[in-house]
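>>> Next input, structure requested:
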Amino acid sequence: MNIEVVESELKHAATTLDQFTRNISIFGSARILDESDLATKAYKLCKELSNQGFNIITGAGPGIMKAANKGAFEGKSSSIGLNIKLPKEQNPNPYLDHCLMFEHFFTRKVVLIKYADACVFFPGGLGTVDELMEVLTLMQTRKGRKIKIFLLGEAFWQPLISWLVTLEQYQYISKSDLELFCIVDDIEDIITQVKE
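The predicted structure is shown next:
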């Protein structure tokens, strides 16, 4: 990891994103097809949030990110993407008002979380789970401010939740750590709670 690049990426992100308030970061699989039910939900959720005055931040890629950015782009607020340079290059999706480029997952993850007033986690793979664990750890250790965390799709997230309950039973985490997130099946629940 190049420290100078990390510093540059964080400084550039601050210059761009300090002007935005009321931001929601959206996470989820890049492998979801455009016509999938999850993509439709991401689009509808983010268009409604955008129309309610919330900017949408994603990783700028395909799948859930593309659907979320499209919804925000067609709404009234800003659609923001934080793209990562990968060996098999990930091109930013076309629904972005602002796009920042990152070389390091670390700095990209910091920015996705730092500027968010809430995070919504759609089903996803290792990257999505990594980002979820990062934000939960930051809140658990009080190294990050407390924000609303939504896990969309109870059936998908239940195995992970069961594991977290096991951690609590072994006293590896506290019971209060299980209250750092909210599991929802309906995007309307997210919209209602974000607006509160």
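>>> contacts, neighbours, all on C-alpha from now
Fine.
>>> which stretches of this protein form strands?
Taking DSSP state E as the criterion, the chain contains strands spanning 23-27, 55-58, 79-84, 98-102, 118-121, 148-152, 182-184.
>>> Straight-line length of stretch 13-29, end to end?
From its first residue to its last, stretch 13-29 covers 23 Å (CA to CA, to the nearest Å).
>>> Would you mind listing the buried residues in that stretch?
Neighbour counts over stretch 13-29 (16 or more other CA atoms under 10 Å) mark 13, 17, 22-29 as buried.
>>> hmm, who's touching stretch 34-44?
Counting by CA atoms under 8 Å, 6 or more residues apart in numbering, stretch 34-44 makes contact with 32-33, 63-64, 67-72, 122, 187, all of which sit outside it.
>>> Then stretch 160-171?
Residues from elsewhere that reach stretch 160-171, judged by CA under 8 Å, 6+ apart: 173-175, 178.
>>> Would you mind checking which of those is nearest to Lys146?
Leu178 (13.5 Å; CA to CA).
>>> Just want to check the distance between that closest one and Ile149.
From Leu178 across to Ile149, the span is 11 Å (CA to CA).
>>> quick one on the thing from earlier: most neighbours per residue, which of the strands of the chain?
Of these, the one with the most neighbours on average (mean count of other CA atoms under 10 Å) is strand 55-58, at a mean of 27.
>>> in its sheet, what does that one sit against?
strand 23-27 (parallel), strand 79-84 (parallel) (DSSP bridges).
>>> Pull that strand out as CSV, backbone CA atoms only.
The C-alpha coordinates for strand 55-58 follow below in CSV (Å, rounded to 0.1, in the frame of the first residue of the first chain):
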residue,chain,number,x,y,z
ASN,A,55,-27.5,11.7,-2.1
ILE,A,56,-26.6,8.1,-3.0
ILE,A,57,-23.0,6.8,-2.8
THR,A,58,-22.0,3.5,-4.2
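>>> now what about it, what contacts it?
When contacts are defined by CA under 8 Å, 6+ apart, strand 55-58 is touched by residues 20-27, 46, 49-50, 65, 68-69, 72, 77-82, 112, 116.
>>> which one of the contacts of stretch 160-171 is nearest Glu154?
Distances from Glu154 to the contacts of stretch 160-171, taken by CA to CA, are shortest for Leu178, at 14.4 Å.
>>> can you count the residues close to that closest one?
16 (other CA atoms under 10 Å).
>>> And stretch 183-196, what's buried?
Going by neighbour count (16+ other CA under 10 Å), the buried part of stretch 183-196 is 183-184, 187, 190, 194.
>>> can you check stretch 105-122 too?
105, 107-109, 111-122.
>>> average model confidence for that stretch?
On average, the pLDDT along stretch 105-122 is 95.
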